[in-house]
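K.L.:
Sequence first, predicted model second:
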Amino acid sequence: MTPDERDTKGNALLGDRDVAEQFAAADAVLAALGRSSSDPGAVLTTVAESARLLCRSQGVQVLLLNGDEFELVAAVGLTAEFVQHVARHPIRRDRETMAGRVALDREIQQVADVLNDPGYGRRDVQQIAGYRSLISAPLILDDEVVGAISLWRNQVEPFDERTTEQLRVFAAQAAAVVRNVHLVRALETRRLELARKLEQLEALSEVGETVSSTLVLDDVLFTIILNAVRFADCDGGSIMEYVEKDRVFLARTTYPESPQLLTGLRHLRIAVDETLVGRAAIEGRPIGLPDIAEVERDVHLQLLFEDGWRSVLAVPVLRDGQIIGVMVVRRKTVGDFSDEVKEFMQTFASQSALAVFNARLFQELERKSGELQVASQHKTDFLASMSHELRTPLNAVIGFSEVLLERMFGDLNDRQDEYLHDILSSGRHLLELLNEILDLSKVEAGQMELELSAFSIRASIEQALALVRERAALHGIVLAVEIDPAIDVIESDELRFKQVVVNLLSNAVKFTPDHGRVTVRASNPDHRLAVSVTDTGIGIPPEDRERIFESFQQGRRGAPREEGTGLGLTLCRRIVNLMGGTMWLDTEVGAGSTFGFTVPMRGTVKPSSIAGGTSAPVVVVIDDDRASLDLVGAYLDGHGVRVVRANDGKKGLDAIRRLQPAAVVLDIRLPGIDGWEVLEELRSDPRTEMLPVIIVSILDERPRGLAAGAADYLVKPLARDDLLKALRRTGVLPATGGGGPV
Amino acid sequence: MATRILVVEDNPLNLKLVRDVLEFRGFEVATAATGEEGVTMALSDPPHLVLMDLQLPGIDGHEALQRIRADRRCDGVPVVAVTAFAMSTDIDRASAAGFDGYIAKPIDIRNLPAQLAVYLDGHGDV
């Protein structure tokens, strides 16, 4: 039966007056309900009040079950003494009281005279209230007894059926109030839960942010413990990391930062077997100590106790059943840690375990890549030294073969000549292989550095062609060159550029049948330099077009005229990539192949600016060593001066008289007239008397140099900074603080 | 009088190769297997040119060069470096260190006399 049906049934038994009274009572209850659903006591008191009036009783009490005991939530017509007594000696769900009985039987029951009821067990209560007739109705909510409402009269006057029905209605109303209360409580609980979850999420998200923004483990751990302490309303905390091989915990971090405590903790051997921390980890649950003073203290607890801590909670940090560590939060005060705090700490710990795990993975990754770098360096060093060791005997193999082939010490027969050629070409092949292995390992180790300079593209290509001309001629292969006349100079690494072109050319010659044609082209579309080498070989099938760029893969290009290293194209592609360019292949089976590459022109330098503008100050460099001239040129490149070179003293003097330079860089050991003579000549001529001369010599004869009138004296090997400083002192270069552009 | 060349090279086979080739070309060849020996020989009986391997046991080619240059007895004697490191940085280093020239290994025996002639003619001591 639903409460509504009971209402209808109840109403049918009531007279008109009763109906009006009933409505008035119900109105009062409903009004009270509407007034304050958050104060169920007041509403239930209204219900009790209405019931007392309508059922002509002296006292009414509304009791709610809490486990097996009733709690008095509303009472009318009762003394304070009664309320206190019942609070101290609660009514229970048993047969001693009417409330207990109806709660058990789920039915309204009454007793005409409680004093004549031998089963009635609460004479103590009866003596205080003095009731005789008693009626009680269960409060049923969702098929569950949640309480009871009891009415009594102080004289023996049993309750009639009408009153019983009225009570049934009041019981239903009270139950509705309780439902309301439950809803409100559930809502409140939910709200609190949500608020807590939100807080948890905020704390976790802070940890999450730390984990993603910094992978430094200690930072992560500090953020974790900071949030743990904050949330658990504690005064401090620390995180212990578990060291599996020693079965001990090491303190990683403490909050608030206390170097003293952290040092103390770090000196402890917190064993997994015999400490609070270890117990929490092994049992996999939080263990709290409300008062450290009260327990037998392990080393850890003793230290905390001495540091002024009184209560502590240890929460295991686990991942996949593995102990990662233990999170400890502490208070300066005595007290238990609530289940709520423990629960949150556990969630938090498991989330944090992930963070720690990630940080560890990251550290591992960093360590590994560091090791890899070292290993890679070792490999490169090894290859460099191996390549040198192998080159030395090869030198003898190649050299002696050549000596014999030159017939320096007598004639050879055809067979000897043939075999010596075989030895020589094998030796050269091996040497080429060594060089390419070394280059490739340098590229892979990131140690190949480009040496940029401005050079003529045409000259470079011509030099590369010169290296294959002999071989091409031997097989009647025509070498053709098509260079766009507009192309002039590129800024790149000349040596590497030539290496790539030579490689492509020698491949093309190698794979082109006799009387074929190899064409090298250069153009500059979109301010980039495109160089290609086209052969009239048999072409490369599609499935081999990528493979041939891999190490030791030669692809099916037909039988090569001679053995290749299988590294050439791999190396070429790497070098081109290093130059900021790309390599490409265009091939058709039966028609031939075109290998090409496109590289940036970088700061393409016009010939006029290489020579220097007329406004730029001139520096004349006199040195018979080409490399020294290059070096000075390179050092001064980009410093806004025009470098004019002379490889002997006479040419130097001519240049100086013609150009009236801002300074002279002079070597002493020169063919013909030496540096001393050049200097003397300059000092004796009024036009060049004041011209600053910087001597750069292999010999340290500084005093002699300065006495002879040199502005500065530098000893070889020449350092860039020394040269620049000297030129600044002479006023040729502006006096800047640091080094100029390279 | 024949042009005298001092070859400093620690590998006996390479030393023999260079010696034989140069002798075949009519040079007078003195040999040293270490840097120290090379310096001693250069100073006691200055040759017209020193062909110096850079990687040597004991003092290396650079150090040997410094010692030769520090002594006036060898003034004007060109010292040419020989090394297997054919990188341009090595070339720069060699010239910055004050070598008169640089020859890359493996030595091209056909061109070697011509390569050396550049330094010999340039210094006009022959």
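P.N.:
Nice, thanks for sending it over.
K.L.:
For the rest of this, base every contact and every neighbour count on C-alpha atoms.
P.N.:
Fine.
K.L.:
Would you state the helices of the stretch 1-150 of chain A in chain order?
P.N.:
Along the stretch 1-150 of chain A, the segments classed as helices by DSSP state H, counting those that start in this stretch run A:3-13, A:16-35, A:40-54, A:80-88, A:98-105, A:123-129.
K.L.:
Now do the buried residues in the fourth one.
P.N.:
Along helix A:80-88, these residues count as buried under the neighbour rule (16 or more other C-alpha atoms under 10 Å in any protein chain shown): A:F82, A:V83, A:V86.
K.L.:
so the last one makes contact with A:D124?
P.N.:
No: under the criterion of C-alpha atoms under 8 Å, A:V86 lies out of contact with A:D124, with a separation of 9.6 Å.
K.L.:
any idea which of the helices of the stretch 1-150 of chain A scores lowest on pLDDT?
P.N.:
For these, the weakest mean pLDDT is recorded on helix A:3-13, namely a mean of 43.
K.L.:
The nearest residue to A:Q463 once chain neighbours are set aside: what secondary structure?
P.N.:
Leaving aside its chain neighbours, A:Q463 sits nearest to A:K498 (7.9 Å; criterion: C-alpha to C-alpha, 6 or more residues apart in numbering or on different chains). Following DSSP: H, G, I helix; E, B strand; the rest coil, the label given to A:K498 is helix.
K.L.:
and the stretch 501-650 of chain A, which of its residues are near chain B?
P.N.:
A:D625, A:A627, A:S628, A:L631 (C-alpha under 8 Å from any C-alpha of the partner chain).
K.L.:
residue contacts, A:L412?
P.N.:
A:L404, A:L405 (C-alpha atoms under 8 Å, 6 or more residues apart in numbering or on different chains).
K.L.:
on that earlier part again, neighbours around the residue nearest to A:Q463, how many?
P.N.:
Using other C-alpha atoms under 10 Å in any protein chain shown, A:K498 has 19 neighbouring residues.
K.L.:
Distance check, it against chain B.
P.N.:
13 Å (C-alpha to the nearest C-alpha, to the nearest Å).
K.L.:
doesn't A:S460 make contact with that residue?
P.N.:
Yes: with contact defined as C-alpha under 8 Å, A:K498 reaches A:S460; the gap is 6.2 Å.
K.L.:
check which helix or strand covers A:T263.
P.N.:
Using DSSP states H and E, A:T263 maps to helix A:259-266.
K.L.:
Okay, buried residues for that helix please.
P.N.:
Neighbour-count burial for helix A:259-266 [16+ other C-alpha under 10 Å]: A:L261, A:L262, A:L265, A:R266.
K.L.:
Nearest residue to the last one in space, please, no chain neighbours.
P.N.:
Put plainly, it is A:R266. Counting by C-alpha to C-alpha, 6+ apart, the residue nearest A:R266 is A:A251, at 5.4 Å.
K.L.:
what about the one you found, how many residues close to it?
P.N.:
When neighbours are counted by other C-alpha under 10 Å, A:A251 comes out with 23.
K.L.:
okay, which residue is most central for chain B?
P.N.:
B:L51 (1.0 Å; C-alpha atoms, centre = their mean).
K.L.:
That residue bridge partners, please.
P.N.:
Beta-bridge pairing for B:L51 (DSSP bridges): B:V7, B:V80.
K.L.:
residue ranges of the helices in the stretch 451-600 of chain A, please?
P.N.:
With DSSP H, counting those that start in this stretch as the criterion, the stretch 451-600 of chain A has helices at A:457-474, A:494-511, A:568-578.
K.L.:
what mean pLDDT does the second one have?
P.N.:
Across helix A:494-511, pLDDT averages out at 90.
K.L.:
Can you show me the CA trace of stretch A:42-61 as PDB?
P.N.:
Backbone C-alpha positions of stretch A:42-61 (Å, rounded to 0.1, in the frame of the first residue of the first chain) are rendered in PDB as follows:
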ATOM      1  CA  ALA A  42      11.400  21.600  13.300                       C
ATOM      2  CA  VAL A  43       9.200  19.900  10.800                       C
ATOM      3  CA  LEU A  44       9.000  16.700  12.800                       C
ATOM      4  CA  THR A  45       8.100  18.800  15.900                       C
ATOM      5  CA  THR A  46       5.300  20.300  13.900                       C
ATOM      6  CA  VAL A  47       4.100  16.800  12.900                       C
ATOM      7  CA  ALA A  48       4.400  15.700  16.600                       C
ATOM      8  CA  GLU A  49       2.500  18.800  17.700                       C
ATOM      9  CA  SER A  50      -0.300  18.200  15.200                       C
ATOM     10  CA  ALA A  51      -0.500  14.500  16.300                       C
ATOM     11  CA  ARG A  52      -0.700  15.400  20.000                       C
ATOM     12  CA  LEU A  53      -3.600  17.800  19.400                       C
ATOM     13  CA  LEU A  54      -5.500  15.600  17.000                       C
ATOM     14  CA  CYS A  55      -5.000  12.400  18.900                       C
ATOM     15  CA  ARG A  56      -5.600  13.900  22.300                       C
ATOM     16  CA  SER A  57      -2.400  12.700  23.800                       C
ATOM     17  CA  GLN A  58      -0.200  14.200  26.500                       C
ATOM     18  CA  GLY A  59       3.100  13.300  24.800                       C
ATOM     19  CA  VAL A  60       4.500  12.500  21.400                       C
ATOM     20  CA  GLN A  61       8.000  11.500  20.400                       C
END
